[in-house]
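Colleague: sequence unknown, structure follows:
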């Protein structure tokens, strides 16, 4: 309870500072003598509106508004960065630099993006946070009142702000992950009238037509349909513990990630989890640079008001990130977990609802945006590895599990209702049917020394994947028979490849990964490690390489092939083809629609030493590779903290062929169709 008292005291103690800074903000709104006065007047008016909003929420006045008034307020809060206004937004680094010059423009664009975090702080009634951000704004304004603006001093003000308040930022983030008493989001889910769509505006997140339509659609579904969706989700979570022999009864909390608009399903899922003696923890998606690099959605999230804005500010932490910051952040994180280790030990792991249907996004390269230097990128990779080890120490990897399920959103187009119902069907396909079919494939794959994968027509894939050698074929398996537990829907067999001997090129004409589109992506492997990556997203090859280093390699020089899998969910493939939505399918479903290859960690990261078995009783022994085997000597050298699946669709696939140790061969797939006896049912949706 100590943390909650400290948090409450922090807000109470901000009262006097809040009143003083509010008064100064109102004055700045009408002043015009500072350098970049229009910028400061605009943002002073923005902050004043945020503080008024906070007071409306505190008094309850905000909740008396009509839905039309709420919608208008929400639009005005995000209006500045919407695509139609972004060209002339100070939050656009290109525009800010054109107005104020390279250094000043970059700093002011950063500042405006950070001030936008105050929207969320107002709704969560974080008075202390509102105060310190307003104080930062005034501190920088004061520097711009000088006759000559010292941009180095401006930068240092920002630097020390994020260093000075790191204890608040990190501790609050840790606690929101593991303490169910932090109930801002669950209070909305469990207590608001979900039939009245006014509740959507109580989050403070951007609410688009997509969230409104999604919530309205969920209200058209019967209680039985909602219950079925929730049951599939939470049962997968429970089974994930069961099949890996982990004791769920020791756990008390579950992190829930969900998109705004799905509250009816989430509410039922919370009820289901309560029956397993689990309470939900929910945190907000990343909104500030201090929360790290924004790669994909997590926590409670909504549609982005502007993906280009997100991309432009993805690496804003680069303005103040250094070795000292990384060290201090790790120290605070360790202290926070140590002070709340009993809560951390009870965390069971995430239960994730993903969505798909967004228009595939190819960013415009913005030379003016803040990025990491090579030294910062290297330091950040080291920091991420250490942070991951720290989390694993307190939320023990070998004792936690997860589950992920995906649904379409209205942005997918006119066939949304049909696609939604088809997705429910895919998510509930018969477990036993796929278990049996996939075992037929595994029986052949377990004979392999290596597997060859060859692309068809324009697809240049030519890969040889080395397979873990079995010592006892009667008791061991190299491939997991994956049905629908942690990874919904059903439909894949996978292994951790042996790196030595894994060579060749992986090629996909188009793929959608972590919210970004990659055109003509090629990945070369030598002894299981990436040696080069190429894509055609940008005309400038240097820009392509930077894009790939940031968003696929995550700053690493090279990554291992952490997984080789064969997707078997041809019904999902048929859905993608029927509705023309291959470029909209999430990795979770896309990986089941063909062979896929993950770069990064294996599927068994941090749990390699847990004994896992397929339904036939055989132990899965291919759980590590030559890199992850380093974990006992140097965990930081063993894990990369990323795992990105890249799928070759069936219509770009010529063959998957097992090469046995005696040199004989047997096809798993030939000309895009399954050919192992007993797998013929999979070809029906493929027209074979």
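Modeller: Done, it's in. Keep in mind that what you see is a predicted model, and the values were worked out from it rather than measured.

Colleague: Can you give me the domain assignment for the protein?
Modeller: Per automatic domain parsing, the structural domains of the chain span 2-164, 175-405, 449-682.

Colleague: For my notes, please list these in CSV and give mean neighbour count for each entry.
Modeller: From N, CA and C alone the C-beta is placed, and that goes for glycine too. Shown next, in CSV, are the domains of the chain (neighbours: other Cβ atoms under 10 Å):
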stretch, mean neighbour count
domain 2-164, 17
domain 175-405, 19
domain 449-682, 19
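
Colleague: between the ones you listed, which one is nearest to residue 426?
Modeller: domain 449-682 (4.8 Å; Cβ to Cβ).

Colleague: I'd like the average pLDDT over that closest one.
Modeller: Averaged across domain 449-682, pLDDT comes to 93.

Colleague: thought residue 4 was touching residue 181?
Modeller: Yes: taking Cβ atoms under 8 Å as the definition, residue 4 is a contact partner of residue 181 at 6.6 Å.

Colleague: okay if I get the domains of the chain as CSV plus distance to residue 420?
Modeller: Formatted as CSV, the domains of the chain follow (distance: least, Cβ to Cβ, whole Å):
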stretch, distance to residue 420
domain 2-164, 24
domain 175-405, 7
domain 449-682, 11
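
Colleague: Among those, which comes closest to residue 422?
Modeller: In terms of Cβ to Cβ, the element of these nearest to residue 422 is domain 449-682, at 5.0 Å.

Colleague: From the chain's centroid, how far away is the longest strand seen in the chain?
Modeller: The longest strand of the chain (DSSP state E) is strand 498-513. Its chain's average C-alpha position is 22 Å from that of strand 498-513, according to Cα atoms, centre = their mean, to the nearest Å.

Colleague: List the neighbouring strands of it plus their orientation.
Modeller: According to DSSP bridges, strand 498-513 forms sheet pairs with strand 462-466 (antiparallel), strand 516-526 (antiparallel).

Colleague: Just tell me which of those strands ends up closest to residue 668.
Modeller: Nearest of those to residue 668, taken as Cβ to Cβ: strand 462-466 at 11.9 Å.

Colleague: ok, and what's touching that closest one?
Modeller: With Cβ atoms under 8 Å, 6 or more residues apart in numbering as the test, strand 462-466 has contacts from 449-455, 497-506, 525, 528, 561, 564, 597.

Colleague: what do you get for stretch 139-157?
Modeller: Contacts to stretch 139-157, defined as Cβ under 8 Å, 6+ apart, come from residues 28, 33-36, 40, 44, 103-104, 107, 111, 136, 158, 161, 319.

Colleague: what about that stretch, start to end distance?
Modeller: Stretch 139-157 has an end-to-end distance of 8 Å (criterion: Cα to Cα, to the nearest Å).

Colleague: Farthest-apart pair in the contacts of stretch 139-157, please.
Modeller: Greatest spatial distance in these: 33 and 319, 26.6 Å, computed using Cβ to Cβ.

Colleague: Nearest to residue 55, out of the strands paired with strand 498-513?
Modeller: strand 516-526 (39.1 Å).

Colleague: residues making contact with that closest one?
Modeller: 360-363, 460, 463, 502-512, 530-537, 551-552, 561, 583, 597, 599, 646.

Colleague: let's see 7 Å
Modeller: 360-363, 502-511, 530-537, 551, 561, 599, 646 (Cβ atoms under 7 Å, 6 or more residues apart in numbering).

Colleague: Secondary structure element holding residue 532?
Modeller: If you go by DSSP states H and E, residue 532 is part of strand 529-534.
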